[in-house]
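Participant: Okay, predicted coordinates and the sequence, questions at the end:
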Amino acid sequence: MYEEEWRNLPFRYDVGWYFSIAENGYGFSLDNSQQPIVFFPAFPLAVRTLALMIAGSLMTAGMLVALAAGLAACVYLFQLGREMLTDAQASAATAFLAVYPFAIFFSVPYSEALFLAASLGAWFHVRRKQWFAGSAWGLVAGLTRPNGVLLSLPIAIEMFTTLRRERANGVQHTPATIISRLLVATTPAVGLLLYSAYVYRLTGNPLQWLMSQSGWGRQFMPPTQFLSEWVRTPLFFVSQVGAEAMADFVAATFAIVMLLMVVPVYRRFGLACASFIPALLLPALLSGFISLGRMTSVVFPVFLWLGAVVPERQRAVWLSVLALGEAAAAAMFFTWRPLF
């Protein structure tokens, strides 16, 4: 922490947990309090490693990791866009991602930028049959966030699609080739298993990272209950929790709209791309409103779709509106409003 408050602006909410893990490692207590083990290790490990390499503060290292990961994510999205769209549409998709209101979390020491870079990197390299790089990014995704394990599904779908296309073109595959490729799709799950093994050694329960989510008020919420809460949320706008209710309602609106885009994304880009949307969103939706906004920031197929369908003459308006939303989100986050 710095004496000048403006230098501490990025130090909000979960940043303290990430820095505590980076500095002191993980701990665990038997009470039902908030536990650091719910935060997966890839981001704090990267922060600690960089801080040691540059002999700098955790704040400096955390900002550098987040910004570098955010830049890598934008580069990957643009390169994917160039393969699937025109160059102008790829640029638009990247711009939509950059000014998305909850993209504010790509410029503070949170794990969202690293998770997005890992998700995009894994899919980008798998599409190019660059198995080692795809496996490495898949492992990072599984070690960055709990829902990283679900990325195994779209990666496996992409591989099956590629295998079927190659077979239609007369390419023969041995069982060993098929198995070795599918093993790449398991790397996000391997990341989860590795962390669960560590948690087991620390707590005696490999799923304690999941059990401890209750300390933050996260618990399974049936879809009917979620929709009921979402509809009722505007009624609380005039109450003392109005700011939090409004943030929840906006985040839930974005999340539901993104889920509705599964079909158009499937029609435009195929099943593998579309399957990323529920894989990235459903765990957050089914555990309530908490942190839902920043969870939507990593749903990259939506931004590819927007880049494809928003007419060129309308892009400036879209970008301006989204940028205003990001400015409002930044103001909320940096002034300790309920945006976390």
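Facilitator: Thanks, I have the structure now.

Participant: which SSE is residue 27 in?
Facilitator: For residue 27, there is no enclosing helix or strand under DSSP states H and E.

Participant: Around it, how many other residues sit close by?
Facilitator: Here the count is done by other CB atoms under 10 Å, and residue 27 has 11 residues near it. (Glycine included, C-beta is placed from N, CA and C.)

Participant: wait, what's in contact with it?
Facilitator: Residues near residue 27 by CB atoms under 8 Å, 6 or more residues apart in numbering: residue 36.

Participant: what are the phi and psi angles of it?
Facilitator: Backbone geometry at residue 27, expressed as degrees, to the nearest 10, gives phi -140, psi 170.

Participant: residue nearest the centroid of the chain?
Facilitator: Computing the C-alpha centroid of the chain and ranking residues by CA atoms, centre = their mean puts residue 298 first, at 4.0 Å.

Participant: Run through the strands of the stretch 51-200 of the chain in chain order.
Facilitator: Using DSSP state E, counting those that start in this stretch, the stretch 51-200 of the chain contains no strands.

Participant: And the nearest residue to residue 106 once chain neighbours are set aside, what's its pLDDT?
Facilitator: Among residues not flanking residue 106 along the chain, residue 70 sits closest, at 3.7 Å (CB to CB, 6 or more residues apart in numbering). If you check residue 70, the pLDDT there is 95.

Participant: Then the one 3 residues further on?
Facilitator: We have a pLDDT of 96 for residue 73.

Participant: That one reaches residue 106, doesn't it?
Facilitator: Yes - counting by CB atoms under 8 Å, residue 73 does reach residue 106; the two are 7.3 Å apart.

Participant: So which of those two has more stuff around it?
Facilitator: Neighbour count, other CB under 10 Å: between residue 73 and residue 106, residue 73 has more, with 28 against 25.

Participant: so what's the more buried one up against?
Facilitator: Contacts of residue 73 (CB under 8 Å, 6+ apart): 97, 106, 113, 116, 117, 120, 300.

Participant: Distance-wise, check the residue nearest to the centre of the chain relative to residue 38.
Facilitator: Using CB to CB, to the nearest Å, residue 298 is found at 18 Å from residue 38.

Participant: Repeat that for residue 182.
Facilitator: Counting by CB to CB, the gap from residue 182 to residue 38 is 30 Å.

Participant: Mind checking which of these two has more residues around it?
Facilitator: Shown here are residue 182 and residue 38; by other CB under 10 Å, residue 38 has more neighbours (20 against 15).

Participant: Tell me how far the more buried one lies from residue 210.
Facilitator: Remark: distance between residue 38 and residue 210 (CB to CB) = 8 Å.

Participant: What are the boundaries of the helices in the stretch 1-150 of the chain?
Facilitator: With DSSP state H, counting those that start in this stretch, the ranges of helices along the stretch 1-150 of the chain come out as 15-24, 42-54, 58-84, 87-99, 112-127, 131-144.
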